[in-house]
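Chemist: sequence? don't have it. structure:
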């Protein structure tokens, strides 16, 4: 390269950095930087009235899974914590599976509409996506509560004699999460199916494949990046869900998100809360790395 | 004193990428483009012709070498300081501006008074016959009209050189033919030097004063269309411009001996060793096989093209030769597959080309 | 007339599933909206049509204050986020890839990757320290927190718009004697504007919708509409929440419709 070319590249890179600097400053101060403080806090001792005391301790991290017996001072598995983790993982997985099972046909349906209708259907999926999560959770509450739409309907039809208690159960949280995160599954699936070349189906049928074989051997493998993206996009926020379990679980059916909050509230164990947050972050990052690895190797950036 | 060239490139090298991935888009190219001529850079895609154009426009900087505009070094001058304008392959018309605003853009950026801008825009629109479209949005125009706007926009600031990057490639055949004539007219009327890039050899032959044939980052030959066609310097130029036959031969004094043993007269040829002889299909005559000096051949296939017929022949040693026969004339009606014929090359038609 | 030809794109049960999904998506929302017109005191029983709850919500100073605060935060955060995101998008697109570009990209999208609850907790701690050290209080903390997580939402549509923009337009401008500033002012910016507006609208909606981070970062008396509603849901529920939700819902739908048309125009 000539000196002029090098100078041009350098100027271009410098401008790139300069233009990005304001955004980077805000993000460093209010998004990325504070994570380091949390890392430090996770290794300190809880203060009596919340906050921390400046003494090194591994109790925060140990507290994720173990609890110290008050009398014997022995560490034992914290059953309550394990229950919460298990519920979080179970509900997140179930949510992912259900949203995929109903989301794929929905995305397929949208992608196979004529262009104009497609834009409209897509818009109909997008509205709930951008609608306040709290409102949507509350909307589900309106349907499943004891005097809600579902129970009223079933009672009037004479199918049940007394309302089914769904609200404040795992089922309620599960229904709620599937409801609020469904668009996150449908949108990437749609993107993948939209790119899918329908002529491949003609080729498949031409080569004697059945509908099932076409789905299993052609459609699903080719739309795999979208399936992985959708699954991650649903699984990750499900695992960190806070609002939905709080409103529909009634504070009893806690998930990791609520458990973290508890440590900063009544629990008064900031180091444990910090450690739990970081654990959640690590799991989520792991999931995202899997995504980057398997989804599309030719990421548009790079 | 000799006349100053409009554009001159001296030993220009342009490399992309770094280390092992370096690709030399231009490999030591030197060319002189004369004032007021219609100069065409012709070559297949990836040959470096567009890169050379972008270097002249100032969108890229050469890795080494110099570019002169009317004798002045402009190698590192930014594009907005060069009195050179470009007609882009995609036209690059500003979608948020009207036709008139597009045409006046360059003058406005130069800070010319509004009156002058308006007058020039009107004149330019008249030149490309688009006056009624002045206030339209560019997206409302047809491909051919967009092409004219792009031309008017690039001509409006009266550039010293107009660069045209495959401007006709997006048009259909009929429109392309019309625009070829239109471009030639504009060039004559304005007297501006045109540097035209294309991969279409027919376009190059019909429009240009001179052609520079490029391949693999190098300028292969520069000359008038007729010279390029009739006197190609190498195998690439011969095969890229028009169709041709290549025959391996051995050099002798004043002639080349083909693999079949037949002699092809080539006055001035000296030396020895293998050479490649080229003959255009329309210069191949079919004669009576018994005629003295005729090269024996067998008819393989006949391909009918309407105005003419291509007769694929095989020589004794298997070499294929194509002869183009004018349809009604030569009496190809008598030809049949497998028939034995004699070949003769028109006088001066056979050439030696470098490989 | 029935189309009896074999449709390759048709898969059994898919259309039915999709219709059920759309119904299931909208039924709860319509229920919520419907109950907002319930004359009855509790949300439980239908007592006839009424607009009382809207009047009540309108007269409720807490709702009013929360609405005003929500709007102040959302507007300020969206403006900040859009401004810095526009610059960053200009810095990270359409130039030769430079060292650190991927880093910048990851940083900008970081808020999308971190669970909200984690960000909320981190900011709770971080702002706690700052408040203790400086004694400065105020709504600025919430605004800055919102600005930060709104950046990727503003950045992505602007970036998409920039990447979709024909680079040869700017090349053409420089060829026609425009300086870098003139090129930006007369070509890049006018073409980019729909993307900037779209980005700002997304940032606004995202800020307006946020519950978790605001809930952790806010001080006493700094309730936004969503945190106010969350608080109400813990107490007894009246259709007033439905009325407030409906109003917020309408605002979101209006903005999204505008966004939809704005971005659709770009494609043509």
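Modeler: All right, it came through fine. Bear in mind the structure is a predicted one, so any value in this text is a computation, not a measurement.
Chemist: What sits closest to the closest residue to chain C within the stretch 1-150 of chain A if chain neighbours are left out?
Modeler: Proximity of the stretch 1-150 of chain A to chain C (CB to the nearest CB) peaks at residue A:19, 3.0 Å away. The C-beta positions use only the backbone N, C-alpha and C, and glycine is treated the same way. In space, and not counting its chain neighbours, residue A:19 is closest to residue C:91: 3.0 Å by CB to CB, 6 or more residues apart in numbering or on different chains.
Chemist: Name the next helix or strand following the helix or strand hosting the one you found along the chain.
Modeler: Assigned by DSSP states H and E, residue C:91 falls within helix C:61-92. Downstream of helix C:61-92, the first helix or strand assigned by DSSP H and E is helix C:101-113.
Chemist: which residues are contacting the helix or strand just after that next one?
Modeler: Note on helix C:101-113: by DSSP H and E, the next helix or strand toward the C-terminus is helix C:116-134. Identification of contacts with helix C:116-134 by CB atoms under 8 Å, 6 or more residues apart in numbering or on different chains yields A:30-31, A:33-35, A:37-38, A:41, A:51, A:237, A:240, A:242, A:256-257, A:260-261, A:264, A:270, A:273-274, A:277-278, A:280-281, C:111, C:136-137, C:141, C:145, C:149, C:210, C:212-213, C:215-217.
Chemist: and if we set it to 7 Å?
Modeler: With contact meaning CB atoms under 7 Å, 6 or more residues apart in numbering or on different chains, helix C:116-134 is reached by A:30-31, A:34-35, A:37-38, A:41, A:240, A:242, A:257, A:260, A:264, A:273, A:277, A:280-281, C:111, C:137, C:141, C:145, C:149, C:212-213, C:215-217.
Chemist: In PyMOL, how would I select the buried members of those?
Modeler: Under the burial definition 16 or more other CB atoms under 10 Å in any protein chain shown, those of the contacts of helix C:116-134 that qualify are selected in PyMOL by:
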select buried, (chain A and resi 30+31+34+35+37+38+41+240+242+257+260+264+273+277+280+281) or (chain C and resi 111+141+145+149+212+213+215+216+217)
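Chemist: Which ones among the contacts of helix C:116-134 map onto helices?
Modeler: A:34-35, A:37-38, A:41, A:257, A:260, A:264, A:273, A:277, A:280-281, C:111, C:141, C:145, C:149, C:212-213, C:215-217 (DSSP state H).
Chemist: Residue B:197 should be in a strand, yeah?
Modeler: Yes: counting by DSSP: H, G, I helix; E, B strand; the rest coil, residue B:197 is found in a strand.
Chemist: show me the contacts for the residue of the stretch 1-150 of chain A closest to chain C.
Modeler: With CB under 7 Å, 6+ apart, residue A:19 has these contacts: C:87, C:88, C:90, C:91.
Chemist: Likewise for residue A:188?
Modeler: A:226, A:229, A:230, A:233.
Chemist: quick one: it is in a strand?
Modeler: No: counting by three-state DSSP, residue A:188 is not part of a strand but helix.
Chemist: mind checking pLDDT for the nearest residue to it once chain neighbours are set aside?
Modeler: Leaving aside its sequence neighbours, residue A:188 sits nearest to residue A:229 (CB to CB, 6+ apart; 3.9 Å). The model reports residue A:229 with a pLDDT of 86.
Chemist: by contact count, what packs against the host helix or strand of residue A:229?
Modeler: Secondary structure assignment for residue A:229, by DSSP H and E: helix A:224-239. Packing partners of helix A:224-239 (3 or more CB pairs under 7 Å, 6 or more residues apart in numbering or on different chains; DSSP states H and E): helix A:79-111, helix A:170-195, helix A:270-294.
Chemist: Buried deepest among those helices, which one?
Modeler: helix A:170-195 (a mean of 24; mean count of other CB atoms under 10 Å in any protein chain shown).
Chemist: Let me know the average pLDDT across that helix.
Modeler: Helix A:170-195 comes out at a mean pLDDT of 93.
Chemist: ok, then the element right after it?
Modeler: helix A:199-206.
Chemist: What lies in contact with the very next helix or strand once past that next one?
Modeler: Where DSSP H and E defines the elements, the next helix or strand beyond helix A:199-206 is helix A:211-214. With contact meaning CB under 7 Å, 6+ apart, helix A:211-214 is reached by A:201, A:204, A:205, C:11, C:12.
Chemist: wait, isn't the second one in contact with residue A:219?
Modeler: No: with contact defined as CB atoms under 7 Å, residue A:204 and residue A:219 do not form a contacting pair (8.7 Å).
Chemist: Chain A against chain B: which residues are in contact?
Modeler: Selection of chain A residues close to chain B by CB under 7 Å from any CB of the partner chain yields A:1, A:2, A:4, A:5, A:8.
Chemist: what residues are up against the spatially most central residue of chain A?
Modeler: The residue lying closest to the centre of chain A (CA atoms, centre = their mean) is residue A:237, at 1.8 Å. Residues near residue A:237 by CB under 7 Å, 6+ apart: A:181, C:115.
Chemist: For it, report the pLDDT, please.
Modeler: On pLDDT, residue A:237 comes in at 90.
Chemist: Kindly report the same for the one 5 residues further on.
Modeler: Among the per-residue scores, residue A:242 shows a pLDDT of 93.
Chemist: what's the answer for residue C:265, then?
Modeler: On the pLDDT scale, residue C:265 gets 55.
Chemist: Residue A:92 now?
Modeler: 95.
Chemist: How about it: what's its closest non-neighbour residue?
Modeler: Closest residue to residue A:92 apart from its sequence neighbours, by CB to CB, 6+ apart: residue A:238 at 3.8 Å.
Chemist: What count of nearby residues applies to the one you found?
Modeler: Per other CB atoms under 10 Å in any protein chain shown, the neighbour tally for residue A:238 reads 29.
Chemist: separation between it and chain B?
Modeler: 43 Å (CB to the nearest CB, to the nearest Å).
Chemist: And for residue C:126?
Modeler: For residue C:126, the distance to chain B - CB to the nearest CB - is 42 Å.
Chemist: got it, and residue C:162?
Modeler: 15 Å.
Chemist: Contact partners for that residue?
Modeler: C:89, C:93, C:94, C:192, C:195.
Chemist: how about 10 Å then?
Modeler: Neighbouring residues of residue C:162 by CB atoms under 10 Å, 6 or more residues apart in numbering or on different chains: C:86, C:89, C:90, C:92, C:93, C:94, C:188, C:191, C:192, C:195.
Chemist: my read: the fifth one touches residue C:156, true?
Modeler: Right, the one you point to is residue C:93. No: Residue C:93 lies out of contact with residue C:156 (CB atoms under 10 Å); the separation is 11.4 Å.
Chemist: Per-residue pLDDT of residue B:154, please?
Modeler: 94.
Chemist: ok, for it, nearest residue in space, not its chain neighbours?
Modeler: residue B:85 (3.9 Å).
Chemist: which residues of chain B fall in helices?
Modeler: For chain B, applying DSSP H gives helices covering B:49-57, B:99-109, B:114-127, B:143-155, B:173-190, B:201-207, B:225-230, B:235-240.
Chemist: mind putting those in CSV, mean neighbour count included?
Modeler: Listed next are the helices of chain B as CSV, based on neighbours: other CB atoms under 10 Å in any protein chain shown:
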stretch, mean neighbour count
helix B:49-57, 24
helix B:99-109, 24
helix B:114-127, 16
helix B:143-155, 23
helix B:173-190, 15
helix B:201-207, 19
helix B:225-230, 18
helix B:235-240, 21
